[in-house]
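Visitor: one predicted model, sequence on top.
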Amino acid sequence: MSWILLSLATALSVATHDAWVKKYFSDLQPGTMMLYPMVYSLPLFLFTAFQVSKPTLDATFWWCIVLSVPINLVSLFLYMKAIRLSPLSLTIPYLALTPVFMIGTGYLFLREMPTTGGLLGIAATGLGGYILHIDPQRWSLFSPLAAVFREPGSWLMLVVAFLFSFGAVIGKLGILHSSPLFFTLWFLVALNLTTMLWFTLLGQVRWHTLSRRPLQGAVAGALLFAHAVCHGYAIEMTRAAYMISIKRLSILISVFYGGVFFREENMVFRFAGAACMVAGAVLIALAG
């Protein structure tokens, strides 16, 4: 059952990375927040990528890399902006909506209808999003719905979840035409280098800024690297739905971090809502 331990390590590294970046880099612009873990993780990714055996590659693999990079670049920029602006407990749980959007895109492009388990997962995820924004001191029936759009990080993460639904489909295709670990490592090498080049060309990053917090940057880079490697190894060992279901526990860990380290409010409702959203995402993953 080593895949379970690796999946749990993936969840822990994801949540810890987000909390670390929010704590030490949220005073910076979102682009610089993105670049800190990318710059410090790039040597690790490059070294490890060259150690992984190269499968037979075709044009589909390269097209998946080309399409995945811009989608994820935009997604991660909005992701950093969301956790910079809003509490972790009101942003990260909305990543559970990615499989919900994937059901929609599956029907739109492939005419795939959701199963009963998938429909129950959608309902649970929607209910969790509602519970997440309940404020017992100012509650009315529709106030949690309005609160989603008042909280900038919440609706930004909704957009991120939507974009991730496309990125996940393209990434799965890239893995099918290579291998999970090979695609994961080389995709992240390409993403890191492209992001660094993009922000340099736009003049939106001052490189000397990235040398001011070397310890914090090194930890952020190591967490990003650990996330990628644990994810790649775990998903090779078992069915993707099982691995992703355990990885979704990162949402609950992030909410826990929000309450403990950032003193976020209404944690009973936020943890209950996040748990409901995770349960919904697991139902959808297993039904798929």
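Guide: Here it is on my side, so go on. Numbering: from 1, shown residues only.

Visitor: buried residues in stretch 116-128, which are they?
Guide: 118, 120-122, 124-125, 127-128 (16 or more other CB atoms under 10 Å). For glycine as for every other residue, the C-beta is placed from the backbone atoms N, C-alpha and C.

Visitor: which phi and psi does the residue nearest the centre of the chain have?
Guide: In the chain, the centroid-proximal residue (CA atoms, centre = their mean) is L95; its distance is 6.5 Å. Main-chain dihedrals, L95, degrees, to the nearest 10: phi -70, psi -20.

Visitor: neighbours around I134, how many?
Guide: By other CB atoms under 10 Å, the residues close to I134 number 17.

Visitor: who's in contact with the nearest residue to it once chain neighbours are set aside?
Guide: Counting by CB to CB, 6 or more residues apart in numbering, the nearest residue to I134 once its immediate chain neighbours are dropped is F269, at 4.5 Å. F269 makes contacts with 131-132, 134-136, as judged by CB atoms under 8 Å, 6 or more residues apart in numbering.

Visitor: just give me the least confident of the residues you listed.
Guide: Least confident entry in the contacts of F269, by pLDDT: P136, with 74.

Visitor: before we move on, the earlier item: what separation do you get for the residue nearest to the centre of the chain and P180?
Guide: 20 Å (CB to CB, to the nearest Å).

Visitor: distance check, H17 against W62.
Guide: Distance from H17 to W62, by CB to CB: 28 Å.

Visitor: more neighbours: those two, which one.
Guide: Each of H17 and W62 has its neighbours counted (other CB under 10 Å); H17 has more, 23 against 13.

Visitor: nearest spatial neighbour of that one, chain-adjacent residues omitted?
Guide: L223 (3.9 Å).

Visitor: pretty sure that neighbour sits against A15.
Guide: No: taking contacts as CB atoms under 8 Å, L223 lies outside contact range of A15: 9.5 Å.

Visitor: where in this protein is pLDDT low?
Guide: 1, 104-114, 138-148, 288 (pLDDT under 70).

Visitor: could you pull out the helices for it?
Guide: For the chain, applying DSSP state H gives helices covering 2-25, 30-49, 59-85, 98-110, 116-132, 143-150, 152-176, 180-202, 214-237, 240-247, 249-261, 267-287.

Visitor: no more questions from me, cheers.
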